[in-house]
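Novice: need a structure here:
(one chain, ligands or ions: 2)
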Amino acid sequence: MSYRNDAELIQEIVNVVLNKLAKPSVNSKGIVGIDEEIANVELLISKEPKKTRLIGIWGMGGIGKSTLAEKVLNKLRSGFEGCYFLANEREQSNRHGLISLKEKIFSELLGYDVKIDTLYSLPEDIVRRISCMKVLLILDDVNDLDHLEKLLGTLDNFGSGSRIIVTTRDEQVLKANKVDEIYRLREFNHDKALEFFNLNTFNQSDDQREYSTLSEKVVDYARGIPLVLKVLAHLLRGRKKEIWESELDKLRRMPPTTVYDAMKLSYDDLDRKEQQLFLDLACFFLRSHIIVNVSNVKSLLKDGESDNSVVVGLERLKDKALITISEDNCISMHDCLQEMAWEIVRREDPESRSWLWDPNDDIYEALENDKVKYQLHITIFESR
Ligand SMILES: Nc1ncnc2c1ncn2[C@@H]1O[C@H](COP(=O)(O)OP(=O)(O)OP(=O)(O)O)[C@@H](O)[C@H]1O
Ligand SMILES: [Mg+2]
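Specialist: Ligands and ions are numbered 1, 2, ... in the order given. The predicted structure follows:
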């Protein structure tokens, strides 16, 4: 390898020594199958070493994006001159405002307190310093398309070899900011999910075989989402088999609150029409287990020649990782999201619920109680 000057050579020597001295810094206690994911992200990070690159980690709520990004940072930090993990950008920008976050980011990267009073651009002295630094910056849970630019300005501000990793539930955030790479994080497979659930549920002294059928059922319910597995493990550990049975029964009717709250954030971000489309998919199309493809949905929901709102809405749901659309245009939705949707409908005003499905409970009540405007359920497709 050739170096342009002594400073570059010394920098490289420092990096190599720091890398060798670094302790194995990924603390993997309680963490499952993360090494493979870290390796995949590292591969994307290592491309074009001299450029500044933007890398996105995308996936549904609770899938492990923040966990992965944090582990990547811990593993790679010694190769960078400045590192910072900005957790929960969505929440923090709401709470503290973007200017204050911007000051935090650059103060942490540079190692001293800076004062910034503009969005999009940076004071000259900061640009001068940061452009000589190779940094690793993680912006976690970004939800607004323009926040990246407002917080960082142009990527040319950062020194050669810098890496900015953005985690998000919304692929649109990554596409709009023209990221160099997108890493889609997927659910745990069955074995990983079972391993993770057992790790969080049982002590070493427990006889896990006694619970194996029930554990399988819980893991089946969680469909590989670490957040759901963790919440359920905490709910069930140390409890008798009968309690497991009754909790499982409840779960089939209602998701636990933490899961509901975490998943609902993505739903709250949709506009009214997109929200309705999401509920319709969850309550009718997917509930009835018919094969749902984009053209059935379009025709049933009367997406006209001139009005492409259903197709646009489906694209939006896909970007938000709320549905998946396969190459042959079939639509699927994760069970936990479907259950969140049902719960949203259950919580609607009883007199104007958009969907009813339980014949023994809510449909019976609706027919008996003539205050309920149940024509809504018949005219649902015409109301758009
Ligand atoms: N590989 C893993 N091994 C063990 N636990 C994990 C793993 N990935 C995620 N978790 C656990 O699952 C939960 C959800 O993970 P995390 O917060 O990283 O999800 P997220 O994708 O960032 O969600 P959100 O979109 O809500 O920010 C956390 O409690 C985390 O500890
Ligand atoms: Mg997160």
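
Novice: shaky segments in the stretch 151-300 of the chain?
Specialist: For the stretch 151-300 of the chain, residues meeting the criterion pLDDT under 70 lie at 205-206, 287-290.

Novice: So which residues of it form strands?
Specialist: Secondary structure of the stretch 151-300 of the chain by DSSP state E, counting those that start in this stretch: the strands cover 163-168, 181-184.

Novice: so which of those strands gets nearest ligand 1?
Specialist: strand 163-168 (6.2 Å; Cβ to the nearest ligand atom). (Glycine included, C-beta is placed from N, CA and C.)

Novice: Can you list the strands that the closest one pairs with?
Specialist: Sheet pairing of strand 163-168 (DSSP bridges) gives strand 53-58 (parallel), strand 135-139 (parallel).

Novice: Is the first one positioned near ligand 1?
Specialist: No. Using Cβ under 6 Å from any ligand atom, strand 53-58 never reaches ligand 1; the gap is at least 8.3 Å.

Novice: list the buried ones in that strand?
Specialist: Residues of strand 53-58 classed as buried by neighbour count (16 or more other Cβ atoms under 10 Å): 53-58.

Novice: tally of neighbours for the residue in the stretch 251-384 of the chain that ligand 2 sits nearest to?
Specialist: Proximity to ligand 2, evaluated over the stretch 251-384 of the chain using Cβ to the ion, is greatest for A262 at 9.0 Å. When neighbours are counted by other Cβ atoms under 10 Å, A262 registers 19.

Novice: That one is in contact with P226, isn't it?
Specialist: No. With contact defined as Cβ atoms under 8 Å, A262 does not reach P226; the gap is 11.2 Å.

Novice: Residues that sit against both of these two, list them.
Specialist: Common contact partners of A262 and P226 (Cβ atoms under 8 Å, 6 or more residues apart in numbering): G62.

Novice: Could you export stretch 188-195 as CSV, CA atoms only?
Specialist: Provided in CSV are the C-alpha atoms of stretch 188-195 (Å, rounded to 0.1, in the frame of the first residue of the first chain):
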residue,chain,number,x,y,z
PHE,A,188,-34.9,-14.8,13.5
ASN,A,189,-35.4,-18.3,12.0
HIS,A,190,-37.1,-20.9,14.1
ASP,A,191,-33.9,-22.3,15.8
LYS,A,192,-32.5,-18.9,16.6
ALA,A,193,-35.9,-17.8,18.0
LEU,A,194,-36.2,-20.8,20.2
GLU,A,195,-32.6,-20.4,21.4
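
Novice: Residues contacting that stretch, please?
Specialist: By Cβ under 8 Å, 6+ apart, stretch 188-195 touches 32-33, 187, 196, 215-216, 219, 222, 224-226, 229.

Novice: Mind doing that once more with 6 Å?
Specialist: Contacting residues not belonging to stretch 188-195 are listed as 32-33, 219, 224, 229 [Cβ atoms under 6 Å, 6 or more residues apart in numbering].

Novice: for stretch 151-164, same thing?
Specialist: 45, 49-50, 52-54, 102, 120-122, 127, 130-137.

Novice: if you look at the residues you listed, which of them are in helices?
Specialist: When DSSP state H is applied, the contacts of stretch 151-164 are split such that 45, 102, 127, 130 fall in helices.

Novice: excluding its backbone neighbours, what's nearest the residue of the stretch 1-150 of the chain found nearest ligand 1?
Specialist: Relative to ligand 1, the nearest point of the stretch 1-150 of the chain is G64 (2.8 Å; Cβ to the nearest ligand atom). Leaving aside its sequence neighbours, G64 sits nearest to P226 (Cβ to Cβ, 6 or more residues apart in numbering; 5.0 Å).

Novice: hang on, the one you found packs against T67?
Specialist: No. Using Cβ atoms under 6 Å, P226 is not in contact with T67, being 7.5 Å away.

Novice: These two: which has the busier surroundings?
Specialist: P226 (23 against 16).

Novice: where's the more buried one relative to L148, distance?
Specialist: 26 Å (Cβ to Cβ, to the nearest Å).

Novice: Then K250?
Specialist: Taken as Cβ to Cβ, the span from K250 to L148 is 41 Å.

Novice: Compare these two (neighbour count), which wins?
Specialist: L148 (22 against 12).

Novice: Could you give the separation of the helix or strand harbouring the more buried one from the chain centroid?
Specialist: L148 belongs to helix 147-152 when assigned by DSSP states H and E. Here helix 147-152 is found 20 Å from its chain centre; the criterion is Cα atoms, centre = their mean, to the nearest Å.

Novice: ok now do Y221, which residues does it touch?
Specialist: By Cβ under 6 Å, 6+ apart, the neighbours of Y221 are L251.

Novice: could you redo the last one with a cut-off of 10 Å?
Specialist: 228-229, 232, 248, 251-252, 255, 335-336, 339 (Cβ atoms under 10 Å, 6 or more residues apart in numbering).

Novice: Good, wrapping up.
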